[in-house]
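Visitor: Pasting a predicted model and its sequence here:
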Amino acid sequence: MALCNSLLSEENFLCSICLDVFTEPVTTSCGHNFLDVTLDPDTAHPSLILSEDRKQVRYGIREHNLPDNPKRFSKGASVLGKDGFSGRLYYEVQVKDKTKWDLGVAKESINRKNYIFLGSENGYWTIWLRNANEYAANDDRAVNFLLREKPQKVGTFVDYEEGQVSFYDVEARCQIYSFTGCTFTEKIYPYFCPCLNDGGKINTLPL
């Protein structure tokens with residue numbers, strides 16, 4: 001489902017991690033873990049440049065001479081988070097001023113050596129931006145949707161046991177899209193693709 005309506009009213013309170021809404025002040029343990037993602041350089045496509053602290057990634061145009069290994073993406077300009085997980089977690093990605101990107105999660109056994117559709121049937125649960133304002137979720141087919149505002153930061157929430165992957169506009173405090181009824185049988189990893197620089201001038205900012 002896709003929506004971007006405010007989740008808050010003056011009478012409501014928002015959990016800053018899980019975005020659960022409460023009607024009165026409460027003390028609650030939501031069971032969600034806020035993940036500070038570190039990128040795995042062993043998975044990074046040779047055209048990608050990771051920041052020194054491995055918290056950001058951008059497209060570098062030229063491919064670096066890196067050793068191939070089973071973990072590395074050979075075709076798509078993608079990278080995974082270093083740590084796989086199960087359970088509940090939430091993390092945020094800065095996407096401000098980018099014109100295209102892919103974000104989501106992927107299972108450990110994904111095909112990293114060929115071009116494939118980033119759909120759920122291939123072990124990816126992702127959304128993307130193209131041409132600065134065209135959004136889609138990659139389910140068993142591409143599901144296009146409209147957003148009233150362009151997100152500056154995207155939050156990703158995963159509930160492994162419930163089979164849910166949801167994306168949020170952090171600043172607007174609203175849900176962008178949600179995959180439900182997912183079946184996870186192995187570790188899943190944060191997935192990132194900063195996408196190509198259009199002519200070397202556009203979309204150069206990192207994720």
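Guide: Right, received. Where do you want to start?
Visitor: Check which residues of stretch 160-180 are buried.
Guide: 160, 164-170, 172-179 (16 or more other C-beta atoms under 10 Å). The C-beta positions use only the backbone N, C-alpha and C, and glycine is treated the same way.
Visitor: Endpoints of it, how far apart?
Guide: 11 Å (C-alpha to C-alpha, to the nearest Å).
Visitor: And the average pLDDT for it is what?
Guide: In this model, stretch 160-180 has a mean pLDDT of 89.
Visitor: quick one: that stretch to chain centroid distance?
Guide: 10 Å (C-alpha atoms, centre = their mean, to the nearest Å).
Visitor: Settle this for me: residue 62 is touching residue 47, isn't it.
Guide: Yes - using C-beta atoms under 8 Å, residue 62 makes contact with residue 47 at a distance of 7.0 Å.
Visitor: Compare the two and say which one has the larger neighbour count.
Guide: Counting neighbours by other C-beta atoms under 10 Å for residue 62 and for residue 47 shows that residue 47 has the greater number, 19 against 7.
Visitor: what's the spacing between the more buried one and residue 73?
Guide: Residue 47 is 10 Å from residue 73, where distance means C-beta to C-beta, to the nearest Å.
Visitor: Ok, residue 124 next?
Guide: Going from residue 124 to residue 73 by C-beta to C-beta gives 12 Å.
Visitor: Residue 195 too?
Guide: As defined by C-beta to C-beta, residue 195 lies at a distance of 13 Å from residue 73.
Visitor: Give the residues shared as contacts by these two.
Guide: Between them, residue 195 and residue 73 share no contacting residue under C-beta atoms under 8 Å, 6 or more residues apart in numbering.
Visitor: any idea of the pLDDT on the closest residue to residue 58 other than its chain neighbours?
Guide: For residue 58, ignoring the flanking residues on the chain, the nearest one in space by C-beta to C-beta, 6 or more residues apart in numbering is residue 206 at 3.8 Å. Residue-level confidence at residue 206 comes out at 87, pLDDT.
Visitor: Residues in contact with stretch 138-152: which ones?
Guide: With C-beta under 8 Å, 6+ apart, stretch 138-152 has contacts from 2, 4, 94-96, 104, 117-121, 124-128, 132-137, 169-172, 176-177, 179.
Visitor: which of those residues are buried?
Guide: The neighbour-count test (16+ other C-beta under 10 Å) marks 2, 4, 94-95, 104, 118-120, 124-128, 135-137, 169-170, 172, 176-177, 179 as buried among those.
Visitor: What about those residues, which are in strands?
Guide: Judged by DSSP state E, these include 94, 104, 124-128, 135-137, 169, 176-177, 179 as members of strands.
Visitor: Sort out which one of those lies nearest residue 153 for me.
Guide: residue 94 (5.4 Å; C-beta to C-beta).
Visitor: Pull the number of nearby residues for the nearest residue to that closest one once chain neighbours are set aside.
Guide: Leaving aside its chain neighbours, residue 94 sits nearest to residue 153 (5.4 Å; criterion: C-beta to C-beta, 6+ apart). Other residues lying near residue 153 total 14 when counted by other C-beta under 10 Å.
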